[in-house]
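A.B. asks: okay, here's the prediction I keep looking at, along with the sequence it came from:
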Amino acid sequence: MNKLTSSLLTFLLISTGSAQAITGLPPLPIPADNPQTAEKIALGQKLFNDPRFSADGSISCASCHQASRAFTDGLPHARGIRAQTGKRNTPTVVNAAFYNSFFHDGRRASLEEQSLDPLTNPIEHGLTDNKQILPIIQRDFDYLKSFLTVFGVTAEQITVNHVAKAIASFERTLISGNTPFDLYFFKSKREQLNDSEARGLRIFRRKGNCANCHEISWDNALFTDNRFYNIGTGFKALNKELPRLLASIKKSDTQRLEELSELKKSELGRFNVTGAIEDMGKFKTPTLRNIALTAPYMHDGSIKTLREVVEYYDKGGEKNRFLDPAIFPLNLTEQEKEDLVAFMKKLTSPQYEVYLKAQ
């Protein structure tokens with residue numbers, strides 16, 4: 001099944017009220033001003049995969065969000081035009097339809113808003129104005145037909161908001177459930193997890209403290225609470241700067257912030273959005289669905305394997321003044337670590353298992 005067929009099938013399940021066929025997921029939220037249609041989804045997928053919407057014609061949304069890696073790129077930091085690299089790891093788009101904020105720092109509130117930001121990021125798509133994509137669309141007859149069909153607009157009436165709505169509609173079809181975990185937990189199919197994997201689930205929910213942030217509800221599991229935490233990753237880059245930085249913030253003096261390198265600014269995390277000191281170094285809880293395909297891990301791509309992630313949390317993260325109280329030494333045994341990793345590998349959905357087997 002190709003990606004378009006899969007997307008349309010997902011859309012049909014949702015639009016006909018059969019979303020419960022996707023075990024483990026809550027009802028899909030769809031904004032009233034951007035209803036799903038098969039034609040809009042197909043248009044969004046074409047836009048998502050079009051590299052012409054970049055300064056050098058080399059980067060599309062799909063460049064960083066690759067189906068074979070559960071819509072990530074396998075790199076520590078996202079790579080854009082002219083092989084430039086950013087400061088953060090590419091997050092998966094899978095199940096982003098259920099998020100209430102976007103990007104690692106949560107600076108956008110909808111898929112529609114999020115979809116346009118990479119276009120004018122100087123490292124990613126590198127455009128100076130997202131309206132630069134409009135002439136490309138207006139010269140493409142297939143695009144013109146699609147925009148007329150989907151939105152009822154002629155060439156001169158097409159706006160970047162139409163583009164954003166189409167891309168967001170496609171992204172809302174990238175839904176992932178029906179994993180062995182889902183069948184075991186929500187359908188009581190105990191054969192789906194072996195003894196080690198079942199023990200790993202218990203550790204995940206109890207001793208490992210994982211479900212504190214990577215939530216599992218009684219009827220669905222997004223494996224994210226859509227909240228933000230300082231878990232210590234990357235924050236050591238700010239250690240030397242912190243006393244003077246905090247002093248300047250309390251005085252409402254932004255000069256010290258402006259003097260920080262781009263890397264150090266990036267490590268401020270959620271603070272960059274809210275300006276609240278308590279948000280210093282906080283980043284959004286990522287989903288763990290298809291986690292076996294989305295290495296490397298953390299917002300900065302600094303951890304290579306799932307086993308290393310477990311080791312990081314087992315030691316209690318990297319200490320810093322703003323470390324969340326939920327991060328503390330776990331004292332896991334070697335067997336418990338193995339079981340926890342084994343469980344997380346069972347969070348892979350059927351449509352991605354072929355890529356996992358190919359690793």
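C.D. replies: Structure received.

A.B. asks: going by C-alpha atoms from here, please, whenever you check contacts or count neighbours.
C.D. replies: Fine.

A.B. asks: give the other helices and strands that the helix or strand hosting Leu148 contacts.
C.D. replies: Under the criterion of DSSP states H and E, Leu148 resides in helix 141-151. Contacts defined by 3 or more Cα pairs under 8 Å, 6 or more residues apart in numbering; DSSP states H and E place helix 141-151 against helix 38-48, helix 133-138.

A.B. asks: tell me the mean pLDDT over the very next helix or strand once past the first one?
C.D. replies: On the C-terminal side of helix 38-48, the nearest following helix or strand under DSSP H and E is helix 61-64. Across helix 61-64, pLDDT averages out at 97.

A.B. asks: let's see the next helix or strand after helix 61-64 as CSV, backbone CA atoms only.
C.D. replies: Following helix 61-64 in sequence order, the next helix or strand is helix 111-116 (DSSP H and E). Extracted in CSV, the C-alpha atoms of helix 111-116 (Å, rounded to 0.1, in the frame of the first residue of the first chain):
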residue,chain,number,x,y,z
LEU,A,111,-0.8,22.1,12.3
GLU,A,112,-1.9,24.9,10.0
GLU,A,113,0.4,27.4,11.8
GLN,A,114,3.3,24.9,12.1
SER,A,115,3.3,23.9,8.4
LEU,A,116,4.5,27.3,7.2
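
A.B. asks: contacts made by helix 111-116 with the rest, please.
C.D. replies: Residues from elsewhere that reach helix 111-116 (Cα atoms under 8 Å, 6 or more residues apart in numbering): 96-97, 102-103, 108, 130, 161, 164-165, 167-168, 171.

A.B. asks: mind checking pLDDT for the closest residue to Glu318 other than its chain neighbours?
C.D. replies: With Cα to Cα, 6 or more residues apart in numbering as the criterion, Glu318 has its nearest non-adjacent residue at 4.5 Å, and that residue is Gly232. As predicted, Gly232 sits at a pLDDT of 97.

A.B. asks: Gly17 now?
C.D. replies: Per-residue pLDDT puts Gly17 at 40.

A.B. asks: again with Leu356
C.D. replies: Here, the pLDDT recorded for Leu356 equals 85.

A.B. asks: so it makes contact with Thr294?
C.D. replies: No: in this structure, Leu356 is not within contact of Thr294 by Cα atoms under 8 Å, at 10.3 Å.

A.B. asks: please identify which of these two sits among more neighbours.
C.D. replies: Legend: neighbour count by other Cα atoms under 10 Å for Leu356 and Thr294, higher for Thr294 (24 against 17).

A.B. asks: spit out the contact partners of the more buried one.
C.D. replies: Counting by Cα under 8 Å, 6+ apart, Thr294 has contacts 69-70, 72-74, 92.

A.B. asks: where's it relative to Cys64, distance?
C.D. replies: Noted for Thr294: a distance of 12 Å to Cys64, by Cα to Cα, to the nearest Å.

A.B. asks: which neighbours do the two share?
C.D. replies: Listed as contacting both Thr294 and Cys64 by Cα under 8 Å, 6+ apart are 72-73.

A.B. asks: in PyMOL, how would I select the buried members of the contacts of helix 111-116?
C.D. replies: In PyMOL, a selection of the buried entries from the contacts of helix 111-116 looks like this (16 or more other Cα atoms under 10 Å):
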select buried, resi 96+97+102+103+108+130+164+165+167+168+171
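
A.B. asks: which one of the contacts of helix 111-116 is nearest Lys337?
C.D. replies: Ala96 (28.3 Å; Cα to Cα).

A.B. asks: sweet, I'm off.
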